[in-house]
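Visitor: Need the 3D shape of this:
(one chain, ligands or ions: 1)
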Amino acid sequence: MLKPTRLLLLGAPGSGKGTISRKLLKRFPQLHSISSGDVLRSHISRGTKIGREAETLIKAGSLVPDSTMIGLIAEQLKELGGLNGEASWLLDGFPRTLSQAQGLTEILDASGADLNMVVELDVDQEIILQRIDARWVHLPSGRIYSLDYNPPKVPFTDDVTGEKLVKRDDDNPETFSKRLLVYNEEVGPLREYYETLGTWHRVSGDSSDIIYPKVERLLLRD
Ligand code: AMP
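Guide: Residues are numbered from 1 along each chain as shown. Have a look, this model is predicted:
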């Protein structure tokens, strides 16, 4: 990865965006990541106005309004110095709708930091549904564990801080199915948008261990 990389990771809930992001950050320390879900969960835990509004929507498996999301991500990009042609970053979970993608293009067009790659993580949704029961998280850091594939060293405990792991409120079967449905509705127009811009890639596999090396190869090739 020689030139600045500005990457979007797209994928259904539970497709491993968070896990792939973490691996990429380790491999390419010049990358910074912004996870829209983590940004929202941080607002919820701080009890901000945005957090209070987002909490109900997230619990219902619905999307937070586009204008809120575009504002939040623009702010995060600015904070990490991401709006210049030399910056390298990855976005995880944003944009999720066509209107968010158009909003992001406007922000980036005004800055010279164009997006150079969009990667869709393509995982069989039957497999995602089977796996979600085993997902536990450390909310303050966003670290994700699977009791099956990537268990913590001490059961239900974060490896780094020793704090307790929790189930996300929106990882219960009903909310999760709704989130999958919403994703499937929104992803078509997004895919078309980025295909037209020539930045779309799809990487398929049933686990992050299979998907990660393919994503890494894409970044090294570019
Ligand atoms: P995630 O951690 O990416 O699965 O996001 C958790 C929840 O946060 C989603 O189910 C949505 O309710 C909300 N959310 C995250 N990112 C976005 C986004 N780009 N647009 C709208 N809602 C979002």
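Visitor: Could you check which residue of this protein lies nearest the ligand?
Guide: In the chain, the residue that lies nearest the ligand is Gly37 (2.0 Å; C-beta to the nearest ligand atom). (Glycine included, C-beta is placed from N, CA and C.)
Visitor: Tell me the secondary structure of that residue, please.
Guide: helix (DSSP: H, G, I helix; E, B strand; the rest coil).
Visitor: cool, and Val203?
Guide: Following three-state DSSP, we place Val203 in the strand state.
Visitor: ok so, going back, leaving out the residues flanking it, which one is nearest to the residue of the chain closest to the ligand?
Guide: Excluding the flanking residues, the one nearest Gly37 by C-beta to C-beta, 6 or more residues apart in numbering is Gly93, at 5.0 Å.
Visitor: Next up, the contacts around the residue nearest the centre of the chain.
Guide: Centroid-nearest residue in the chain: Asp92, 2.4 Å away (criterion: C-alpha atoms, centre = their mean). Counting by C-beta atoms under 8 Å, 6 or more residues apart in numbering, Asp92 makes contact with Leu9, Lys17, Gly18, Ser21, Ser33, Ile34, Ser35, Ser36, Gly37.
Visitor: Okay, and the beta partners of it?
Guide: Beta-bridge partners for Asp92, by DSSP bridges, are Leu9, Ser35.
Visitor: Next one: it relative to Thr56, how far apart?
Guide: 23 Å (C-beta to C-beta, to the nearest Å).
Visitor: I'd like to know which elements the longest helix along the chain is packed against.
Guide: Using DSSP state H to define each element, the chain has its longest helix at helix 173-197. Here helix 173-197 touches strand 6-11, helix 98-109, strand 117-122, helix 125-132, going by 3 or more C-beta pairs under 8 Å, 6 or more residues apart in numbering; DSSP states H and E.
Visitor: what's the closest of the ones you listed to Gly82?
Guide: Proximity to Gly82 (C-beta to C-beta) singles out strand 6-11 among the helices and strands packed on helix 173-197, at 7.8 Å.
Visitor: Need the residues that contact the closest one.
Guide: So strand 6-11 is in contact with 17, 20-21, 24, 31, 82, 87-95, 108, 113-123, 187, 190, 194, 219, going by C-beta under 8 Å, 6+ apart.
Visitor: Are that strand and the ligand in contact anywhere?
Guide: No: using C-beta under 6 Å from any ligand atom, strand 6-11 never reaches the ligand; the gap is at least 9.3 Å.
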